Each structure stands twice: as C-alpha cells, then as structure tokens.
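Student: what follows is a predicted protein model with its sequence.
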Amino acid sequence: MEDGQMNNLKNRALYLIGLLIVGISSQFNSKLIAQHSLQNSDNFSFSFQQLKTCTIAGKIKTYPTQQKVKILFFNAAGDTVLTDSTRSDGFYSVTLSIETEEKYSLLFDSDSCMPVYKMNIQRGLLTKGKTIINDTLRRIGKNKALRLNNISFSPGSSVLDTLQIESLFSLLYIMKKYPKMTIALDGYVNGEPSQNTAGAQKLSFDRAESVSLFLISRGITSNRIVVKGFGTSKPLAGPNIKGGQQLNMRVEVRILTY
C-alpha cells in the first residue's frame, strides 16, 4: 500500500476514534483536548480536561421595588460563559461547568439600576459546593448621589487601589449601556468641615479625577463626566466614630442625564 494511502487511513481511523472519545467524554463531564501538528499529519494526541460543576444561588434585591435581574457570568478573558436571570422575587440558582484554574466574574443587572459586579471569584471557591451570593441593586435617578463602595485610597493619596474596583466596573458597564448618560463625580476626604482647607479640596478633586481617568481609559469620553472636589464638607460620620474615616473618604456619582 502506498504511504499516502496509509496516512489517509490512519487519519480517518484517528478521526473516528476522536468522535468516539468526544461522545464518551460528554457522559463524564469532561472536555476533550485534541492536538494536531500541521507539520506532521500522523502526530495526533488526545487528552481529557475534567470539568467542575458549580452552583451559585441567592437573592438579588432591587430597591425600592423588586424586579427581575439579569445574571452574566464571565471567564478571565472577559467572555460570557452563562446568561440567566432571577425569578420575579429576586431568587436565583444557576449551575454551570467551569474548565480551568482561573478567576471568574459575575454581573447582576436590571433596568434603571446600578449593576453589581463580583470580580475575581476563585474557581476553587466555586467548586466547594453551593456558593451563596446576595446583594441589592439600587435604582438610579437624576442628581441622586450613589456612593461608589469599596474604593480605597492610601492616606493622602489619590491613587486607586486596583484590587478594589468592582464598583468602578459597575459604573463603566452602566455608562456603556446608556450612551447618553452623563455623570458628576464628587470627591470627599475625611475630617471636620472646619478643616476644609485648599489641600483637602484638591485631594478630594484628585480622587474623583482618578475615577474619571479610569472610565476615560476604558472608552468613556471626557465630556460625559464632571469632576468636583468637596474636601471635608458633608461628612457621613464623625471622624472619631469607628469606620467613620472610610465612610467620609469617598467618591460619589450623581447621574446628570441618561
């Protein structure tokens, strides 16, 4: 038999074996990885990658009235691997298979509400059983101040902590969802209102500006953002109250138009 005919027969046999393995792998919740060298048609290899099944459940409230919430699940590359929604009462339970040792992200979104991002969810955490995630989406409105949670700065610094920017991605998402939306970013620092010096006002402005630059660097045009710094004015808590410093040291977003 000619060498070319022999190679064709080998390739056909390997192809049929591959189809058989795919069928078997689907029964055992695993993924077939087929590798083929273009330089050598005889060089085929097959391997299995065991998939892990995870279940995420909980309740997502929408304030002030309850409505259905869309659920988007992303892999580390930003690809959407699952789309689902809550029930009308906010409860949900979704099950999916995940493939590799990487981090995942969840987005909860509902009409006219500030979405909630859950970033860098470890695969190992998801596969230890049912993961419970509860949260609340708040309705947006013109000139209604929404505090950007979990944004932190080092004392005296306007540099964003890149490990705590979930709420910034929520803001980025909603600004892309509503292309006509314009916002004001209001920065504040901790301290008594009587200590509202020029330095405090500049630092609060710089912190709000850091949030603005985060959005602009990801495609939001600067004419959609107004940045203001209010220094130590309008404190949410006394500076000596436990946790008060973090409450006062904040950036708030106000929706101007959308």
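Tutor: Structure received. Numbering: from 1, shown residues only.
Student: in stretch 156-167, which residues are buried?
Tutor: Across stretch 156-167, burial judged by 16 or more other Cβ atoms under 10 Å covers 158, 160, 165-167. Quick note: C-beta positions are derived from backbone N, CA and C, even for glycine.
Student: which residues does that stretch contact?
Tutor: 116-119, 148-154, 168, 203, 206-207, 209-211, 214 (Cβ atoms under 8 Å, 6 or more residues apart in numbering).
Student: what about burial for these, which qualify?
Tutor: Members of the contacts of stretch 156-167 classed as buried by 16+ other Cβ under 10 Å are 116-119, 148, 151, 153, 168, 203, 206-207, 209-211, 214.
Student: circling back: among the buried residues of stretch 156-167, which two are most distant?
Tutor: S158 and E166 (19.2 Å; Cβ to Cβ).
Student: so which of the contacts of stretch 156-167 are in helices?
Tutor: Applying DSSP state H to the contacts of stretch 156-167, the entries found in helices are 168, 203, 206-207, 209-211, 214.
Student: list phi and psi for I60.
Tutor: Dihedral pair for I60: phi -110, psi 110, per degrees, to the nearest 10.
Student: against T86, how distant is K130?
Tutor: 16 Å (Cβ to Cβ, to the nearest Å).
Student: the more surrounded of those two?
Tutor: T86 (23 against 12; other Cβ atoms under 10 Å).
Student: pretty sure that one contacts I60?
Tutor: Yes: when contacts are counted by Cβ atoms under 8 Å, T86 is listed as touching I60 (5.5 Å).
Student: identify the contacts common to those two.
Tutor: 69, 92.
Student: where along this structure do the strands fall?
Tutor: According to DSSP state E, the chain carries its strands in the segments 30-36, 44-50, 52-63, 70-74, 80-85, 91-98, 103-109, 116-122, 131-132, 135-138, 145-147, 182-187, 225-229, 251-257.
Student: deepest in the core, which of these is it.
Tutor: strand 182-187 (a mean of 22; mean count of other Cβ atoms under 10 Å).
Student: max pairwise distance over the ones in helices among the contacts of stretch 156-167: which two?
Tutor: Farthest-apart pair in the ones in helices among the contacts of stretch 156-167 is L168 and L203; separation 18.8 Å (Cβ to Cβ).
Student: where does pLDDT dip in this protein?
Tutor: For the chain, the stretches with pLDDT under 70 are 1-51, 99-102, 122-129, 150, 162-164, 192-194, 238-245.
Student: rewinding a little: which of the buried ones among the contacts of stretch 156-167 sits closest to N75?
Tutor: Of the buried ones among the contacts of stretch 156-167, the one sitting nearest to N75 (Cβ to Cβ) turns out to be M119, at 12.1 Å.
Student: any idea how far K103 is from that closest one?
Tutor: Distance from M119 to K103, by Cβ to Cβ: 8 Å.
Student: can you check S154 too?
Tutor: 25 Å.
Student: go on, R207?
Tutor: On the measure of Cβ to Cβ, R207 and K103 end up 27 Å apart.
Student: for S88, the count of nearby residues, please.
Tutor: 10.
Student: need phi/psi at the closest residue in space to it that isn't next to it in sequence.
Tutor: Once flanking residues are discounted, S88 sits nearest to K68: 5.6 Å by Cβ to Cβ, 6 or more residues apart in numbering. Dihedral pair for K68: phi -70, psi 150, per degrees, to the nearest 10.
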